[in-house]
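Q: below: sequence and its predicted model.
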Amino acid sequence: MKSVIRKLGSIGIIKDAATWELPLEAWSDGQNVRCADGQVGSFGGHSTFATPTVTPYYLLPVAAGTAYYWVYPGLAKVYVYDGSSHTNITRQSASVDVDYTGTATDRWNGGVLNGLPVLNNGVDVPQMWAPVSTGTKLQALTGWDANWKCKVLRPFKYFLIALNMTESGTHYGNKLRWSTSADPGSVPSAWTPASSNNAGSDIVETDGFIVDGLGLNDEFIIYTEDGAQAMALVDGNDVFQFRNVDIPGMLAQGCAANFQGRHLVVGNGDVYIHDGHSYKSVIDKKNRDFLFADIDSDNYESMYVTPYHSKGEIWICYPTSGNTLPNKALIWNYNDNTWFFRDLPSNTAFLTTGIVSSTAIANWADLPYSNWADWDGSWGERTYSPTDKALIGASDNIYQFDDGTQFGGVNPTCFIERTGIDIGNTDDIHTVTRIYPLVEGDSVQVSVGSQMTPNASVNWSSPVTFDPSTDYKIDCLVTGRFHSIRFKSTDGGDWSVSGYGVEYEYSGSQ
């Protein structure tokens, strides 16, 4: 008898359900594999994009004309990388650096307003980099009261919004302030409300403190620990209009991502999506229980969410038990609705997407075409596509993901497995004699296993190397009521599996 299972990347990994209840296309475990387009395979690696001068805790990509910068704050100083060199842009007084005072738990945040970067760590006065130039140092935001601090600072339209305020030493966890609207190419000129400007403040009426905020279509969603409010720009003296949003709130700063006109949010005990009105869980009965049990309970506030739109993915980055900063990602492919896992470099404080430009052609001899007629580009054009953004991470180094197959110069362990496969009546015992893997790429190790009862340990066969360029089957001999299969590599190979055939014989019943 023979059975064929295809579209092995169509469901992904499900850890919360009993393995014998899963669809045949689903996987019960795996690490460092990606599910997309009906296939599952080894994850792309990460390599050093830049060697930072200080350990980075945040990354802010900034485009300025034909230049592209990566701003990376450490705990005390802030540097910028322009693709070739690193420059200290820490604030100064009398030409001497004035170090920042935040710790690793005082998370950097900010954004870009009108092309000008703003940075905030919750304990120092928020900073701006204006004008954008390696010869410019950071300085305090224009019009900001030196006695104020905010937990989070975010751009929205032509405003800056400060969330979770501390004013003159008193904490107002439910308070937010917004600046005056800024002219194009400028930062806001004032923060104190007056009859001559449109700055203002508000109190969010929920039990929990404000955690973060993120724009959604024409509104800015203010997330608290237990709910949310939406603020929308309106005409008249009110400037912004507020309304309650019936959603569960946010677990930690940075735990929301924009995609397809919606937000994915990590809340307290759930991961959900919403459009500003209604919400639904996307992880329930799949990986919700596993995720929240896997997060280090003492350091959950270091987790964050990063969209990776070129792959149709959102990465939920979190610290596992015993880790302070994220070292693992649970990834949701929102196009295919699949879930899978990837290891991160230790202490990956932040991930974001941005442009990685290639080195410009310097000499006539290096031109790729000998005839002008063969050249289809424009003279002096950028050597990158602004729509094709790479995923960049801040750890001990600044890493570029999906670059090569090694993880920081080391071959990773990539595996995907399914246990508890019922290939017939559960009363029957079957002997699997052959597997016909549908594999592309490099060689992969294939193991086959069996169980006599659903909760019994898997009796695995010895792994067999399968080379898709020369092999079409694997011989084995495993007997049980339930069966298992695993694809694994430890050599940095690049492989993917779309299906497999199982040849088996009826061996009786007991």
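A: Great, that's in hand.
Q: report the secondary structure state of the closest residue to residue 190 other than its chain neighbours.
A: Residue nearest to residue 190 in three dimensions, not counting chain neighbours: residue 143, with 4.0 Å by C-beta to C-beta, 6 or more residues apart in numbering. Heads up, the C-betas are built off the backbone N, CA and C, glycines and all. Counting by DSSP: H, G, I helix; E, B strand; the rest coil, the backbone at residue 143 sits in coil.
Q: what's the answer for residue 20, then?
A: Residue 20 - assigned by three-state DSSP - is helix.
Q: which residue packs closest to it, ignoring adjacent ones?
A: Residue 20 sits nearest to residue 420 (C-beta to C-beta, 6+ apart), 3.9 Å away.
Q: how about residue 153?
A: residue 120 (3.9 Å).
Q: you'd agree residue 300 is up against residue 251?
A: Yes. Using C-beta atoms under 8 Å, residue 300 is in contact with residue 251, at 6.5 Å.
Q: returning to what we had before: okay, now the residue nearest to residue 20: neighbour count?
A: When neighbours are counted by other C-beta atoms under 10 Å, residue 420 registers 20.
Q: next one: the one 5 residues further on
A: Burial of residue 425, expressed as a neighbour count using other C-beta under 10 Å, amounts to 11.
Q: follow-up on the earlier one: tell me which of residue 300 and residue 251 has more neighbours.
A: Neighbour totals were compared for residue 300 and residue 251, and residue 251 leads with 25 against 16 (other C-beta under 10 Å).
Q: tell me the phi and psi of residue 301?
A: The phi and psi values for residue 301, taken as degrees, to the nearest 10, are phi -70, psi -10.
Q: check contacts around it.
A: 105, 107, 252, 253 (C-beta atoms under 8 Å, 6 or more residues apart in numbering).
Q: tell me the least confident of those residues?
A: Within the set of the contacts of residue 301, pLDDT is lowest for residue 105 (94).
Q: distance of it relative to residue 264?
A: Per C-beta to C-beta, to the nearest Å, residue 105 is found 24 Å from residue 264.
Q: and the two? Which one has more around it.
A: A count of neighbours by other C-beta under 10 Å puts residue 264 above the other of residue 105 and residue 264, at 22 against 11.
Q: so which strand or helix has the more buried one?
A: strand 262-267 (DSSP states H and E).
Q: out of everything not next to it in sequence, what's closest to residue 181?
A: In space, residue 181 is closest to residue 158, 4.4 Å off (C-beta to C-beta, 6+ apart).
Q: can you read off the pLDDT for that neighbour?
A: 96.
Q: what of residue 2?
A: At residue 2, the pLDDT value in this model is 85.
Q: same for the helix or strand harbouring the residue nearest to residue 20, what does it pack against?
A: Using DSSP H and E, residue 420 sits within strand 414-421. Packing partners of strand 414-421 (3 or more C-beta pairs under 8 Å, 6 or more residues apart in numbering; DSSP states H and E): strand 29-31, strand 33-36, strand 444-451, strand 482-489.
Q: now the third one: how far from the chain's centre is it?
A: On the basis of C-alpha atoms, centre = their mean, to the nearest Å, strand 444-451 is displaced by 31 Å from the centre of the chain it belongs to.
Q: what pLDDT, on average, does the next helix or strand after that strand get?
A: Sequence order places strand 459-460 as the next helix or strand after strand 444-451, per DSSP H and E. For strand 459-460, mean pLDDT rounds to 96.
Q: strand 459-460 packs against which elements?
A: For strand 459-460, the packing partners by 3+ C-beta pairs under 8 Å, 6+ apart come out as strand 444-451.
Q: who are the packing partners of the strand it packs on?
A: For strand 444-451, the packing partners by 3+ C-beta pairs under 8 Å, 6+ apart come out as strand 414-421, strand 428-441, strand 459-460, strand 464-466, strand 474-480, strand 482-489.
Q: mind checking which of those strands is nearest residue 292?
A: Residue 292 lies closest to strand 414-421 among those, at 22.7 Å (C-beta to C-beta).
Q: quick one: strands adjacent to the closest one?
A: Using DSSP bridges, the strands paired with strand 414-421 are strand 29-31 (antiparallel), strand 482-489 (antiparallel).
Q: return the most buried member of those strands.
A: Most buried of these, by mean neighbour count (mean count of other C-beta atoms under 10 Å): strand 482-489, with a mean of 24.
Q: what residues go with each domain of the chain?
A: Per automatic domain parsing, the structural domains of the chain span 2-44+412-509, 46-357+388-401.
Q: would you say residue 393 is within a strand?
A: Yes. Membership of residue 393 in a strand is supported by three-state DSSP.
Q: run a quick neighbour tally on residue 47.
A: By other C-beta under 10 Å, the residues close to residue 47 number 17.
Q: residues in contact with it?
A: Neighbour list for residue 47: 399, 400, 403, 404, 406, 408, 409 [criterion: C-beta under 8 Å, 6+ apart].
Q: and residue 302, by the same measure?
A: Residue 302 makes contact with 105, 107, 252, 318, 319, 324, 325, 326, 349 under the criterion C-beta under 8 Å, 6+ apart.
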